[in-house]
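1. please find the sequence and the predicted model below.
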Protein chains: 2
Amino acid sequence: MSEFLQLALSLAIIIVAAKAGGWLAGRLHMPAVLGELLVGVVLGPTVVDLLHASFLVDPKLLEHEIYDLAEIGVILLMFIAGLEVDLREMRHAGRVAVLAGLFGVAVPLIMGGLAVLPFGYRGGEAIFIGITLTATSVSISAQTLLELGVLRTREGIALLGAAVVDDVVVILLLSIFLALTQAAGGMGSVAVVIVRMALYIMLAGVVGWFVLPRLARWVDQQPISQGLTALAVVSALLFAWAAEVIGGLAPITGAFIAGVCLARSPLRHKLEDKVGTLAYGFFVPIFFVSIGLHTNVREMGSAGLLLLVVLFIVAIVSKILGSGLGARLGGYTNRESLRVGVGMVSRGEVGLIVATTGVVQGVIPEEVFSVVVILVLLTTLVTPLMLRAVFAPAADAKSGAAA
Amino acid sequence: MSEFLQLALSLAIIIVAAKAGGWLAGRLHMPAVLGELLVGVVLGPTVVDLLHASFLVDPKLLEHEIYDLAEIGVILLMFIAGLEVDLREMRHAGRVAVLAGLFGVAVPLIMGGLAVLPFGYRGGEAIFIGITLTATSVSISAQTLLELGVLRTREGIALLGAAVVDDVVVILLLSIFLALTQAAGGMGSVAVVIVRMALYIMLAGVVGWFVLPRLARWVDQQPISQGLTALAVVSALLFAWAAEVIGGLAPITGAFIAGVCLARSPLRHKLEDKVGTLAYGFFVPIFFVSIGLHTNVREMGSAGLLLLVVLFIVAIVSKILGSGLGARLGGYTNRESLRVGVGMVSRGEVGLIVATTGVVQGVIPEEVFSVVVILVLLTTLVTPLMLRAVFAPAADAKSGAAA
């Protein structure tokens, strides 16, 4: 079998497995992402160890290629996340969303950073683990609320807004963290870091805000086959590249900014559709499975297990406390605030993206990555259950009124 | 710059260049594929030599990755070509299409094979160069006829049908050729080759014809994000993989069969749309440019130039003679037959795919590949011009009648 055929077969196995896992999870009323991740863990060294299967000609090359395709998946996911940032809608959700988002970042950051100190993680590592806990993936909560018929309540709308604020702040935190840790050489290099960041953000702002939407409209009118799709992919890749090379930031920051800039375009929905086809039909399943390929649950010792338990508790408590406090300060009742807080618990793909970035940049060790992967799995698992519990009375009342 | 970022930047450059080249060609009333290929030649060793640019960390790995992505592009292109094979529509075009298709393959195969004998190419090489000349890409002719307003004439419809027949026969020829050359060890291995081919075709037939369309309908109804897209990609990859590993055939044959089988599905247009987004928005531009990255025009000596001139003349004359003869035998007038023959001249992407397969399988040397690439460029360049010339009176009459 040629080297290309080993790639073709591996990709086919990975995509089928991911989609089957997602489908099965859905049948069991679980979030699809849970199934896709679990399938990845099964295909990884924990059980099957696909990357060391007997049919492989060149496992090293294959591993490289799969991880690079997964990275493109991450870039596209962050681009889509950016596309979903509607600044007008954010103003709509208003003060509550901003407060719930901000406190939903601050409390997990502090609690997470402190919680790992007894485990011997210090400085940068501790802060980065804290940052990993600040992420939120609201798609699972939104799906659950939709099923319960309570997505268009006050809590639901605040939740959607808060998740966007959370995304923006996490990306900002991550960027600043990475930029500063790379400037370990004192004040002079801190100045360089700040200048580079400013330069990139200025450049990306001007190009993204003024040029990109116009370019998108123009390209869409030209007789170029899939011109708009190509433009979206290229701008995500180029903004990602420039974020690191010019700005010293993480590539995902660039992809996110490209998405936010194109969210202004009237072609936004077409872009979501096109890039979504590329992302969810090919690259994102590869990303989800590749996470499992990185993870070895069997190598997690008792220390890792203890860390997992502690972080799991901190992850849940800190989000409910933080986002709940934010919502309360924004004028929501205790019950409403609790619901908003619970809806923010799931870390989902954003948590994984942050953790992956940490491993790639060498900020957190592999064993912490495995813990974070399982942590994300667990928070994703419990969020729908907890949401159903705290929304139960409202959902009952609603279906009673409808009957 | 990390290894992933070199890939991101290279892909961005390649996709932008391809799309810009295609757009520019369109502005000059040339086929888009011409521009995309020329841009590839410019980015290749002939001018820029992108794969040895100074920003690269690991050129070897990058080259591998780009060629593998290009191969996925080829697989998707052949899958789409298969999707366009409508067996009912083929019956519609009828006898003329079949005759024009068959003779349009036979004459170039024989003339091409004979023409390279004086250049010292023998046996398998000569036959394979002949096979390369049998390809036809009708999209450029269809586009030209559409512009002239004569696509829905007798000639236009025969042309579309003949091109599909051509595709099927070329794939068949290529498959048999590759299978037989790999069975160089006498009658025993010829039997093995035939058994393997039969086994694969039986398997692919049963799975593709009965299972795939049902599976597609089922997947499309499930709550799987981009499930249909993923199914299409996976079946193209798996059929391609099995074609070589089980059947001893070229991977593209498998992708083509998967497409033909799914062409029966009522979801055909949705599949074309989804896979088209993936293909033309990402993978196919990479394929077109990668061809230029393989090609070095500067290294083509006077022998190569002579070969090019001879093959160019043979390519044009043999197609017009062959397809024209077929159309004439099918009952068309001389003028109509000439028009059908001229419309089949362009080799386009199918010729390139055949040539790429030849290089990958080691059947033709690199220098022949460069000649074929330029040959494809030239036939693609002259076909619209020749079509306009032979259709001029009809188009004039038509616009006269319309006025």
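-> The structure has been received and is ready for your questions.

2. low-confidence regions, the stretch 201-350 of chain A specifically.
-> Judged against pLDDT under 70, the stretch 201-350 of chain A has no low-scoring part.

3. tell me the residues of it that contact chain B?
-> Selection of the stretch 201-350 of chain A residues close to chain B by C-beta under 8 Å from any C-beta of the partner chain yields A:222-227, A:229-234, A:237-238, A:240-241, A:244-245, A:251, A:274, A:276-282, A:285. Every C-beta, even on glycine, is put in place using the N, C-alpha and C of the backbone.

4. make a PyMOL selection of the buried ones in these.
-> Buried residues among these (16 or more other C-beta atoms under 10 Å in any protein chain shown), as a PyMOL selection:
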select buried, chain A and resi 224+225+226+227+229+230+231+232+233+234+237+238+240+241+244+245+251+274+276+277+278+279+280+281+282+285
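
5. can you tell me which of the residues of the stretch 201-350 of chain A next to chain B are in helices?
-> Members of those lying in helices (criterion: DSSP state H): A:227, A:229-234, A:237-238, A:240-241, A:244-245, A:251, A:274, A:276-278, A:285.

6. what average pLDDT does the helix or strand hosting A:Glu71 get?
-> Here A:Glu71 sits within helix A:59-83, counting by DSSP states H and E. What helix A:59-83 shows for mean pLDDT is 92.

7. what angle separates it from helix A:227-245?
-> Interaxial angle of helix A:59-83 relative to helix A:227-245 (axes from the mean of the first three to the mean of the last three C-alpha atoms, to 10 degrees): 100 degrees.

8. how far does helix A:59-83 sit from its chain's centre?
-> Distance, stretch centre to chain centre, for helix A:59-83: 13 Å (C-alpha atoms, centre = their mean, to the nearest Å).

9. equivalent analysis for stretch A:265-279, please.
-> 18 Å.

10. again, but for stretch A:223-231
-> 27 Å.

11. who touches that stretch?
-> A:215-216, A:219-220, A:267, A:270-271, A:274-275, A:277-278, B:15-16, B:19, B:22-23, B:26, B:32, B:276-277, B:279-282, B:285 (C-beta atoms under 8 Å, 6 or more residues apart in numbering or on different chains).

12. swap the cut-off to 6 Å and go again
-> A:216, A:219-220, A:274, B:15, B:19, B:23, B:26, B:277, B:280-281 (C-beta atoms under 6 Å, 6 or more residues apart in numbering or on different chains).

13. could you work out the end-to-end span of that stretch for me?
-> 14 Å (C-alpha to C-alpha, to the nearest Å).

14. which residue does the stretch 251-400 of chain A have closest to chain B?
-> Closest contact between the stretch 251-400 of chain A and chain B, by C-beta to the nearest C-beta, is at A:Gly281 (3.0 Å).

15. again with the stretch 101-250 of chain A
-> In the stretch 101-250 of chain A, the residue that lies nearest chain B is A:Thr229 (3.0 Å; C-beta to the nearest C-beta).

16. now that residue: closest residue in space that isn't a chain neighbour?
-> The shortest distance from A:Thr229 to any non-neighbouring residue, by C-beta to C-beta, 6 or more residues apart in numbering or on different chains, is to B:Gly281 (3.0 Å).

17. which residues touch that neighbour?
-> Taking C-beta under 6 Å, 6+ apart, one finds A:226, A:229-230 in contact with B:Gly281.

18. and the helix or strand hosting A:Ala25, which residues are buried?
-> In this assignment (DSSP H and E), A:Ala25 forms part of helix A:3-27. By 16+ other C-beta under 10 Å, the buried positions in helix A:3-27 come out as A:3-19, A:21-26.

19. and for stretch A:94-110?
-> Neighbour-count burial for stretch A:94-110 [16+ other C-beta under 10 Å]: A:96-110.

20. what's that stretch in contact with?
-> By C-beta under 6 Å, 6+ apart, the residues outside stretch A:94-110 that reach it are A:130, A:133-134, A:158, A:161-162, A:165-166, A:169, A:318-319, A:321-323, A:325-327, A:329-330, A:340, A:344.

21. swap in stretch A:314-323?
-> Residues outside stretch A:314-323 that contact it (C-beta under 6 Å, 6+ apart): A:100, A:103-104, A:107-108, A:111-112, A:115, A:133, A:340-342, A:344-345, A:379.

22. 7 Å - rerun?
-> With C-beta atoms under 7 Å, 6 or more residues apart in numbering or on different chains as the test, stretch A:314-323 has contacts from A:100, A:103-104, A:106-108, A:111-112, A:115, A:133, A:162, A:338, A:340-342, A:344-345, A:347, A:375, A:379.

23. how about stretch A:159-167?
-> With C-beta under 7 Å, 6+ apart as the criterion, stretch A:159-167 contacts A:81, A:85, A:90, A:93, A:97-98, A:100-102, A:104-105, A:136, A:138, A:141-142, A:323, A:340, A:343-344, A:350.

24. what residue is smack in the middle of chain A?
-> By C-alpha atoms, centre = their mean, the mean C-alpha position of chain A lies nearest to A:Val350, the distance being 1.3 Å.

25. I'd guessed that one sits against A:Ser137; true?
-> Yes - assessed by C-beta atoms under 7 Å, A:Val350 is found in contact with A:Ser137 at 5.0 Å.

26. quick one: the strands in the stretch 201-350 of chain A?
-> Remark: strands of the stretch 201-350 of chain A are absent; assignment by DSSP state E, counting those that start in this stretch.

27. how about the nearest residue to the residue nearest to the centre of chain A, chain neighbours excluded?
-> A:Ala135 (3.9 Å).
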